[in-house]
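A.B. asks: Coordinates for the following, if possible.
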Amino acid sequence: MRAVLLRCPPGCLATAFGSFSASRNKLAAQSAAAAGPRLLYSRNTMHYQTEARGRPHSPDYRIYFKTPEGKYISPFHDISLIAENEQENDLPTKKPKKNESEVLFNMVVEVPRWSNAKMEIATKEPLNPIKQDVKKGKLRYVANIFPHKGYIWNYGALPQTWEDPNHTDEETKCCGDNDPIDVCEIGTQVCFPGQVIQVKVLGILAMIDEGEMDWKVIAINAKDPDAKNLNSIEDVRKSRPGHLEATVDWFRKYKVPDGKPENQFGFNGQFKDQDFAVEIIKSTHEHWRALVQKQTNSHGIECKNISCNESPSKCSAEEARDVVASAPAPCAGSHPVSPAVDKWHFV
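C.D. replies: The predicted structure is shown next:
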């Protein structure tokens with residue numbers, strides 16, 4: 001059994017052996033202190049708040065994360081991979097489930113379903129805020145590939161994971177893409193950028209993007225009405241005909257309107273099951289541990305955090321606050337978006 005790194009409040013890095021469920025039982029419950037009054041340009045999301053800086057649809061727009069106590073954090077490094085137990089009205093929730101497949105993971109939502117702006121965790125900026133990706137000086141928007149509008153799921157990442165460019169996948173012979181592992185959340189709710197939700201992992205797709213390994217975890221919000229009926233990738237196939245095929249088609253073609261070739265896939269484009277997905281997540285979690293402890297080439301990744309005691313990049317709450325203070329001031333309204341973003345592409 002491989003070692004699995006978990007974040008244990010108040011911020012130590014601990015290595016635990018055994019199943020994720022056993023490790024989860026050892027996690028202390030995260031603080032349930034109520035957040036203060038909502039601030040302008042702030043949103044509350046589970047245990048975390050977000051604070052927007054700059055103006056949406058502009059290169060300087062950033063979404064920073066903070067705790068209910070107002071401490072700024074990195075969503076990449078300071079949010080636990082494993083979703084900890086919640087408490088409501090000071091009453092403990094149900095005991096953690098024993099089956100490893102039922103362990104829940106935190107997901108940081110970057111892009112809401114049906115939207116086009118390519119929002120992502122800024123891995124190379126201090127505190128890793130969410131920003132809109134820029135290429136050749138222009139903000140990136142994904143094309144609408146008929147019959148789809150923008151992203152066809154809530155899209156985001158699992159914190160405390162890293163697809164290591166130094167690591168070659170044994171099956172596909174491709175190296176990681178230098179990002180947290182991606183998640184397609186297939187629930188019914190349309191989320192918002194910066195929302196942190198608890199998800200149940202169902203399976204995984206091995207996408208190869210310009211020669212790099214770019215895993216796509218398929219998951220569902222644990223609070224979704226359909227979550228109790230979807231426990232495997234086969235459940236998705238049976239209850240949502242065409243959804244998995246549409247997912248492969250979307251990832252295959254979404255860069256074609258930009259003049260790029262179609263993406264390729266490992267395993268002949270077949271989805272791997274839940275157990276396989278959890279093993280990939282464990283592996284990327286271990287790679288993240290080496291990254292945050294500076295035991296490997298970081299490839300420019302910014303590891304500033306406030307909670308990882310064994311990390312050389314740990315900083316004080318005051319230093320984190322200074323990072324946010326140096327960002328552009330919040331602005332009302334947003335920049336206009338080109339009508340070309342709504343164009344339909346037939347490829």
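A.B. asks: Let me know the next secondary structure element after the longest helix anywhere in the chain.
C.D. replies: Criterion DSSP state H: the longest helix present in the chain is helix 274-292. On the C-terminal side of helix 274-292, the nearest following helix or strand under DSSP states H and E is helix 317-325.
A.B. asks: need the contact list for the closest residue to Phe346 other than its chain neighbours.
C.D. replies: Among residues not flanking Phe346 along the chain, Phe146 sits closest, at 5.0 Å (Cβ to Cβ, 6 or more residues apart in numbering). All C-beta spots, glycine's among them, are computed from the backbone N, C-alpha and C. Shown in contact with Phe146 (Cβ atoms under 8 Å, 6 or more residues apart in numbering): 344-346.
A.B. asks: Any stretches of the chain with poor pLDDT?
C.D. replies: Residue ranges of the chain with pLDDT under 70: 1-46, 85-101.
A.B. asks: Determine the longest strand present in it.
C.D. replies: Counting by DSSP state E, the longest strand found in the chain is strand 196-209.
A.B. asks: for that one, packing partners?
C.D. replies: strand 104-111, strand 182-185, strand 212-221, helix 233-239, helix 243-253, strand 264-265, helix 274-292 (3 or more Cβ pairs under 8 Å, 6 or more residues apart in numbering; DSSP states H and E).
A.B. asks: sorry, back to before: could you pull up phi and psi at the residue nearest to Phe346?
C.D. replies: The phi/psi pair for Phe146 (degrees, to the nearest 10) reads phi -50, psi 130.
A.B. asks: and it, how far is that from Cys331?
C.D. replies: As judged by Cβ to Cβ, to the nearest Å, Phe146 and Cys331 stand 35 Å apart.
A.B. asks: And for Thr67?
C.D. replies: With Cβ to Cβ as the criterion, Thr67 and Cys331 are 24 Å apart.
A.B. asks: Looking at the two, which one has more neighbours?
C.D. replies: Neighbour totals were compared for Thr67 and Cys331, and Thr67 leads with 20 against 16 (other Cβ atoms under 10 Å).
A.B. asks: Tell me which residues touch the more buried one, please.
C.D. replies: Taking Cβ under 8 Å, 6+ apart, we find Thr67 in contact with 31, 47-49, 73.
A.B. asks: Am I right that Glu51 falls within a helix?
C.D. replies: No: under DSSP: H, G, I helix; E, B strand; the rest coil, Glu51 falls outside any helix and is assigned strand.
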